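J.: I would like the atomic coordinates for the input below:
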Amino acid sequence: MSGETLAASVEHFLRYVLDERSLSPATAKGYRSDLARLVAHAEQKSQLLTAELDLELLRDWLWRESESGIARATLARRTAAVRSFSSWAQRTERLPTDIAARLKSPKAGRSLPRVLTLPQTEQVLDTVAARGATEDPVALRDLAIIELLYASGIRVSELVAVDVGDVDLSRLTVLVTGKGAKQRVVPFGVPAKEALVVYLERARPALAAGDGTRALLLGRRGARLTPRTVYGVVARLLDGGQGSGPSGPHTLRHTAATHLLDGGADLRAVQELLGHASLGTTQIYTHVSTERIRDAYRLAHPRA
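T.: I've put the predicted structure just below:
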């Protein structure tokens, strides 16, 4: 066993997961944050070396993390991070055994997604449409974004990847590329079509400024919009300056799915629309619909 410090081993591990396991930067960032907390706890216990790490310390750390009030999903992620690190440390002979192999990962638990009610949705759409009446290219673009996200339920990453040629205004469909580079054709309604027509005719040419880009949605400088920009736009429009309530493109995705099920849509059809690989992922929206029914029952039924 080497006399390497735990902090140094964590740095080697993070380079490994980025370079050899090709983990996403976001996942690696989460690992770094989680393992930094483990290092700090170990240092408090005067266990500075990787070889001094043991199951008792790991369990004590995770217990303290759980007692701090963090979400179960966060605790599950931290458990996964330390298990991955322990396995790597054993393979690279920094630990004699995989001490974290016996750690049980807590089930993350799934919270119900936040959705807009139908009146809230209509209010948002009306507000954004009023902004678009100014003929400002950015306002018209934002209206197209909101209408298309709500109409189709597509992910923000799918939205920004859409090219002009992917939109079929005659058939009211858009071709999107989802996770795993899987393509699907998603329908949208007349209001979204009208917003897209206005954007394509009056706003996009001004934003493109003669550039030959194929991207449907453009920024002020004519470049394809990024997911981060769209997130900021949607969050601001959904928030309405109130500083509270659901926000972000995924809220519109959740809202679209829930409203479809509220209206009687088939669960498998919604699964295909959203591009979910598993029906179980889509079923979370049935729980949302059930909760809404229960709320309405409690409010309206005299014997509730």
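J.: Buried ones in the helix or strand residue 250 falls within, by neighbour count?
T.: Using DSSP states H and E, residue 250 maps to helix 249-262. Neighbour counts over helix 249-262 (16 or more other Cβ atoms under 10 Å) mark 249-261 as buried. Backbone N, C-alpha and C define where each C-beta goes, glycine included.
J.: One more: stretch 6-25?
T.: For stretch 6-25, by 16+ other Cβ under 10 Å, it's 6-7, 9-10, 13-14, 16-18, 23.
J.: do the same with stretch 226-241
T.: 229-230, 233-234, 237-238.
J.: hmm, who's touching that stretch?
T.: 116, 124, 127-128, 142, 145-146, 149, 156-157, 159-160, 217, 219, 245-249, 251-252 (Cβ atoms under 8 Å, 6 or more residues apart in numbering).
J.: Which of the residues you listed fall within helices?
T.: Those of these mapping onto helices are 124, 127-128, 142, 145-146, 149, 156-157, 159-160, 249, 251-252, per DSSP state H.
J.: In ChimeraX, how would I select just the buried ones from the residues you listed?
T.: Applying 16+ other Cβ under 10 Å to the ones in helices among the contacts of stretch 226-241, the buried members can be selected in ChimeraX as follows:
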select :124,128,142,145,146,149,156,159,160,249,251,252
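J.: Let me have the ones in helices among the contacts of stretch 226-241 in CSV, extended by distance to residue 92 and pLDDT.
T.: Converted to CSV, these look like this (distance: Cβ to Cβ, whole Å; pLDDT from 0 to 100):
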residue, distance to residue 92, pLDDT
124, 52, 91
127, 56, 91
128, 54, 91
142, 50, 96
145, 47, 97
146, 50, 96
149, 45, 95
156, 38, 90
157, 35, 89
159, 42, 95
160, 39, 94
249, 41, 87
251, 43, 88
252, 45, 92
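J.: ok, which pair from the ones in helices among the contacts of stretch 226-241 is furthest apart?
T.: In those, two members sit farther apart than any others by Cβ to Cβ. They are 127 and 157, at 25.3 Å.
J.: Can you show me the helices along the stretch 1-150 of the chain?
T.: 6-19, 25-44, 55-67, 72-91, 118-132, 137-152 (DSSP state H, counting those that start in this stretch).
J.: Quick one, which of those helices gets closest to residue 275.
T.: helix 137-152 (10.4 Å).
J.: what bits of the stretch 151-300 of the chain have low per-residue confidence?
T.: Low-confidence segments of the stretch 151-300 of the chain (pLDDT under 70): 210-211, 240-247, 287-300.
J.: Need the buried residues of stretch 6-25 in a markdown table (columns: distance to residue 49 and pLDDT).
T.: Converted to a markdown table, the buried residues of stretch 6-25 look like this (distance: Cβ to Cβ, whole Å; pLDDT from 0 to 100):
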| residue | distance to residue 49 | pLDDT |
| --- | --- | --- |
| 6 | 7 | 93 |
| 7 | 10 | 93 |
| 9 | 9 | 95 |
| 10 | 12 | 94 |
| 13 | 15 | 94 |
| 14 | 18 | 92 |
| 16 | 19 | 90 |
| 17 | 21 | 86 |
| 18 | 24 | 84 |
| 23 | 26 | 72 |
